[in-house]
Structures are given as C-alpha cells and as structure tokens.
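Asker: pasted the sequence and its predicted model underneath.
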Number of protein chains: 2
Amino acid sequence: MEKLSIIKIGGNIIEDEASLDAFLQLFSNLKGKKILVHGGGKRATSIASKLGIASKMIDGRRITDKETLEVITMVYGGLVNKNMVAKLQALGIDAIGLTGADINSIQSDKRPIKDIDYGFVGDVKKVNHSAIDKLIQADFTPVFCAITHDGNGQLLNTNADTITSQVAVGMSKIHETSIYYCFELNGVLQDFNDKESVIQNIDSKSYEELLKNKIILEGMLPKLENCFDALKNGVHKVHIGSTAMLAKENNNFTTITL
Amino acid sequence: MEKLSIIKIGGNIIEDEASLDAFLQLFSNLKGKKILVHGGGKRATSIASKLGIASKMIDGRRITDKETLEVITMVYGGLVNKNMVAKLQALGIDAIGLTGADINSIQSDKRPIKDIDYGFVGDVKKVNHSAIDKLIQADFTPVFCAITHDGNGQLLNTNADTITSQVAVGMSKIHETSIYYCFELNGVLQDFNDKESVIQNIDSKSYEELLKNKIILEGMLPKLENCFDALKNGVHKVHIGSTAMLAKENNNFTTITL
C-alpha cells in the first residue's frame, strides 16, 4: 500500500503568520502523499465579537448557533483555508481546500440534543475515502478545515482532531496512513515540568504502565484514547509533537503504535 | 468533443435564499458536465461595514484593500461558496468549491497601478484547463467564487464575468463549451421598455446591425463585447438570460454565436 501522511495543526500555528509560514515550509518538504487538516483558533471568536455575535458557552463548551456557524464558515472555510492554499501553491504544493461538503468527503450527524444543545455541531458519520483518493491520485493535496455537512444541505462545525482521525481511519482502507498531530509540546512528556522529557515510543502495553503510574495527565488522556482508537481501526502510526517533528533531522517526538 | 456548460450567477440570485434554491434546482437538473461561477453581492459590503471596514471607491470603482480582500475571501470563498456546495450535495450534485488558488486553477496578475490603484484585484492570466478537467472527469462539479491567486501566495479579487469567460475559453481547448450568463432580464432586449422583447439570436453580423441602430444599450455593451471575445477564442455558444433559461421548456433567452 502507498504511504499517506495526515498532518493536523491547531489554532496556535494558524494565528501567528511566522509560525504558519515555517510550518507550511516543513509541510511542503514532506515526501509522499499527504493531507492537511487545520483547526480554527481565536480568529473566529474575534471576528464574531466584532460582528456583535456573543460566544455562547454552556458548562465551558462552545455552542454553535446559526450566526456562529456562519462566522466559522467564513473564517475557517474561507479566510484561513484559502490563504493557506494560496501559500502552499507558492511553495509548489498543488493544494485544494475542502470542507466535508466538498465532493461529499465527510458526512456527519448533527449532535443529538441530550442535556445540552450544542447547535450546529457534527459528529463524523462517514468518510468518503474513494472521493478523497481521486484528488490524491490526481496529485492534489487536500487541505481540510473543521467543517462537515449532513448531506441535507447543512454545514456543521466539527472537531479538527476527530476529522483527522476519522479521515485517517477511512484512508487506511486503501493507504498505509500515518497521523501527525502537531501541538504546543514536543510530544507526550514523562515529566510535565521538563519539556524535553519526551517519551519517544508508546504502545498499548507501555500505555497501560504510563496510566498506572499516572504519567499521562488528564489533558492528554482524550488525545491518546483518540490515537489508540485510530490505530485499532487501521491507522498505521500516530505521531504527536511540535511542528518541528516534520523536519527530517528531528527524532524528538512521540510515536504511538498498537 | 464532450459538451461542457459554464453557468454564471450574480449577487441578486445569491442574496435571496428562495431565488438561490430555485436556481440550484434548475442547475442540478441540467444534463451533462457543468461548472458554476458565482459573483459576490451585497453580503460582503454589509459584513465589511459591520466589521468597520469602509468601502473605498475611486471614480465609482471599488478598491480592494487588504481588509476588503479578507472580507471577500470570507464571504465569497467561505460563506457563499461552501453553503452552495452543501446545498448542491443535497440535490445530488457532487460539487467542489474552488478559488483560483485551489489546484492552481486560475492564475492572475495583480492589476498594475496606472491612474488608480485598485488594490488586490487580479486580471486573469492563465486558466489551468487540465487541472480543472481532472475534477470534471472524476464527475465532480466545480463551483468557482470570484477569487484568483498570483502564484506567489496572494489571493486576488477578480470579476466573476471575466472568470466565466476565461475558464470557458480555457476549457474550449478540450470541450465543446457553452456559457450561460444569468442576469436580471430574460435576455438582450429589442426594446428596453418591453421586458419580453428578447432577441433570441445574435451573431457577428446582426450584432453590427444592432449597434448601428443603437439597439444595444451602453450597459450591455461590455457584456456583449466580452461574449464575442469568448466566441472568437473558441467558446461554442454564449447564452444570456434569466435563470429560467436553464429550464428545459424555456426558449426565451438570447443565444450569441459568431
């Protein structure tokens, strides 16, 4: 099977133009077929507030009402995504910016209302791996923002980490797919106070040990559970670290396998 | 050669949800390979003004400064384009929303500063017909907004009529390409005060007669010059009329040939 890398970057990289440019350079140098997934960041919040749309939070979780979804569609789907595509084109990468609605690539279900009505938030239902693969086989590089659709004309705000793992699981059916989750730290740390104490390899067995010894902090838990979930569903490897992990000479990041 | 239809709609259709839905229904019923190009409309102006960005006009022409380009990228490239793609998917059309930066489909030159600095406005330089055709051959339906790029990472605001004719000229190299310009009227009128006096066919010869007899009003002149330009550069036919011209039973619109 052909190798495929799926790289996810978060708001911290997108918001700082120098960081973004440095990342895009590393991304463009990455060999082989690849997909980029980007989150949102604070830009949407600041534009929403300028437009007089208040951020609605319930129990610390953001609610995506109609107006907020419009801002997200403008900022993630338009401003952030299309500028990134233009920058990648300048670096020689034949990028194509997508939401899950484009080529019906990612369908989701509007999250059902239980205790909280999250509004226009989607939970991924189906990744159209063969449609995405048509773009990849045409030597295009898909750049996904964190928006999906329900198949009935409604766009839905969707978590970028989940999009990454679900697209990776889908693409694993036809490619040897690896995920690179870029975040603020160099990897999963042995000692949270020592940013250099990166655990280079984690597998199911050592993960159990880490859990038992309470090395994995609460904030990392859902991220790692998500990684093992992807691995169990066919993803080859998951890497977690700073964007620097994409540099060839760098080995200082965490690789997770089953 | 395979037939290809390129349909252009303007702001008046986009801004009214009922008109847009009716148009998308007609578009989805249209047989054969097709491309949609949409203009912007007043939505960008109203969002810009809410964000405190004043519209700058010189001699009645809009200037696209950095902030205005950002709003255009958000509104045309994000909000309008992606919602239209989601609606088309719901109608069974496998749409993909694009700017000229995506798959490097439309490159333009930033308009040189002579008397007026138009800002981030692009004049189309090169249409990548083979990249666009890869999408069409994969049975995807491209939906272009009126944004191109300069190949050096800069997005540029570009006239939607020009995008339509330039993409049509480019695609004419490999397809029998027809343009459908949808606008407010049913077609080119014999008598401007009689909306039903549609001239059904115009060719180079009858066009000269119409000009001589001052039938063509000034507002129509650049549109028609643009049509003949496209025809001279390989486009098969150009149709001008209301969106109703896409309905099968309708013959009441203007068709222009060489």
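Answerer: Great, that's in hand. Numbering: from 1, shown residues only, chains lettered A, B, ... in the order given.

Asker: can you give me the neighbour number for whichever residue of the stretch 151-258 of chain A sits closest to chain B?
Answerer: Here the stretch 151-258 of chain A gets closest to chain B at one residue, residue A:153, 3.8 Å apart by Cβ to the nearest Cβ. In short, each C-beta sits where N, CA and C put it, glycine included. Neighbour count for residue A:153, taken as other Cβ atoms under 10 Å in any protein chain shown: 18.

Asker: ok, it touching residue B:90?
Answerer: Yes - Residue A:153 lies in contact with residue B:90 (Cβ atoms under 8 Å); the separation is 3.8 Å.

Asker: what about the helices in chain A?
Answerer: A:11-15, A:17-29, A:42-50, A:66-72, A:81-90, A:129-137, A:160-171, A:204-212, A:221-232 (DSSP state H).

Asker: ranking those by burial, who's on top?
Answerer: Comparing the helices of chain A by mean neighbour count (mean count of other Cβ atoms under 10 Å in any protein chain shown), helix A:81-90 ranks first with a mean of 26.

Asker: between helix A:17-29 and it, find me the angle.
Answerer: 50 degrees (axes from the mean of the first three to the mean of the last three Cα atoms, to 10 degrees).

Asker: could you list the residues in contact with helix A:81-90?
Answerer: A:14, A:20-21, A:24, A:27-28, A:36, A:38, A:95-98, A:141, A:143, A:145, B:73, B:77-78, B:99, B:101-102, B:104, B:147, B:149, B:151-155 (Cβ atoms under 8 Å, 6 or more residues apart in numbering or on different chains).

Asker: which among these end up buried?
Answerer: A:14, A:20, A:24, A:27-28, A:36, A:38, A:95-98, A:141, A:143, A:145, B:73, B:77-78, B:99, B:101-102, B:104, B:147, B:149, B:151, B:153-155 (16 or more other Cβ atoms under 10 Å in any protein chain shown).

Asker: out of these, list just those in strands.
Answerer: A:36, A:38, A:95, A:96, A:97, A:98, A:141, A:143, B:147, B:149, B:155 (DSSP state E).

Asker: near chain B, which residues of the stretch 151-258 of chain A?
Answerer: A:151, A:152, A:153, A:154, A:155 (Cβ under 8 Å from any Cβ of the partner chain).

Asker: residue contacts, the fourth one?
Answerer: I take that to be residue A:154. By Cβ under 8 Å, 6+ apart, residue A:154 lies in contact with A:110, A:120, B:86.

Asker: for the residue in chain A that chain B sits nearest to, which non-adjacent residue is spatially closest?
Answerer: For chain A, the residue closest to chain B is residue A:78, as judged by Cβ to the nearest Cβ, at 2.3 Å. In space, and not counting its chain neighbours, residue A:78 is closest to residue B:78: 2.3 Å by Cβ to Cβ, 6 or more residues apart in numbering or on different chains.

Asker: the one you found contacts residue A:69, doesn't it?
Answerer: No - using Cβ under 8 Å as the test, residue B:78 is too far from residue A:69 to be in contact (11.1 Å).

Asker: picking up where we left off before, was I right about the residue of chain A closest to chain B contacting residue B:71?
Answerer: No - at 9.4 Å, residue A:78 does not count as touching residue B:71 under the criterion of Cβ under 8 Å.

Asker: mind checking how far stretch A:183-198 is from the chain centre?
Answerer: Put simply, stretch A:183-198 sits 20 Å off its chain's centre (Cα atoms, centre = their mean, to the nearest Å).

Asker: for stretch A:119-126, same thing?
Answerer: For stretch A:119-126, the distance to the chain centre is 15 Å (Cα atoms, centre = their mean).

Asker: check whether that stretch comes into contact with chain B.
Answerer: No - using Cβ under 8 Å from any Cβ, stretch A:119-126 stays clear of chain B, with a minimum separation of 11.4 Å.

Asker: tell me the average confidence for that stretch?
Answerer: The pLDDT scores in stretch A:119-126 average 97.

Asker: swap in stretch A:64-71?
Answerer: pLDDT averaged over stretch A:64-71 gives 96.

Asker: stretch A:170-184 too?
Answerer: Here the average pLDDT along stretch A:170-184 is 97.

Asker: swap in stretch A:45-58?
Answerer: Here the average pLDDT along stretch A:45-58 is 88.

Asker: show me what it is in contact with.
Answerer: Here stretch A:45-58 has contacts from A:62-63, A:65, A:67-68, A:71, A:74-75, A:116, A:119, B:47, B:50-52, B:74, using Cβ under 8 Å, 6+ apart.

Asker: quick one: contacts for the closest residue to residue A:103 other than its chain neighbours?
Answerer: Of all residues not flanking residue A:103 in the chain, residue A:131 sits nearest, at 4.4 Å (Cβ to Cβ, 6+ apart). By Cβ under 8 Å, 6+ apart, residue A:131 lies in contact with A:103, A:104, A:105, B:94.

Asker: recalculate using a threshold of 7 Å.
Answerer: A:103, A:104, A:105 (Cβ atoms under 7 Å, 6 or more residues apart in numbering or on different chains).
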